[in-house]
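Colleague: Need the 3D shape of this:
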Amino acid sequence: MGLWEFLILLVVAGICGGIGQAIAGYSHAGCLGSIALGFIGALLGLWLARAMHLPELLAIRIDHDVTFPIVWSIIGATLFVAVLGLLIRRPRV
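Modeller: So this is what the prediction gives:
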């Protein structure tokens, strides 16, 4: 995987993480946090999909051997951010 493919992978993960944050309604992470949430969401979403024997939906092929699951990344990031939002309390004003 070259530099351009890696940068595209980071951008796609950041967009998926940002969408997951927007759906969950809890966003205290910046750009790097969104990228991390996109990757965590992809791992969590694919694990859930494989556990329930669901197909991989809308995967983007980044390189010849690298694919990124868009739908499962968004679902996994949403679930992860929702759980984080429940565990981390916001200070009351």
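Colleague: residue ranges for the helices of this protein, please.
Modeller: 3-24, 31-51, 70-87 (DSSP state H).
Colleague: Next one: Leu44 from Gln21, what distance?
Modeller: 14 Å (C-beta to C-beta, to the nearest Å). C-beta coordinates here come from the backbone N, C-alpha and C atoms, glycine included.
Colleague: Looking at those two, which is more packed in?
Modeller: Gln21 (25 against 20; other C-beta atoms under 10 Å).
Colleague: and the residue nearest to the more buried one when sequence neighbours are not counted, what does it touch?
Modeller: Among residues not flanking Gln21 along the chain, Ser27 sits closest, at 4.0 Å (C-beta to C-beta, 6 or more residues apart in numbering). Taking C-beta atoms under 8 Å, 6 or more residues apart in numbering, we find Ser27 in contact with Gly18, Gln21, Val81.
Colleague: distance of the last one from Arg61?
Modeller: Relative to Arg61, Val81 is positioned 26 Å away (C-beta to C-beta).
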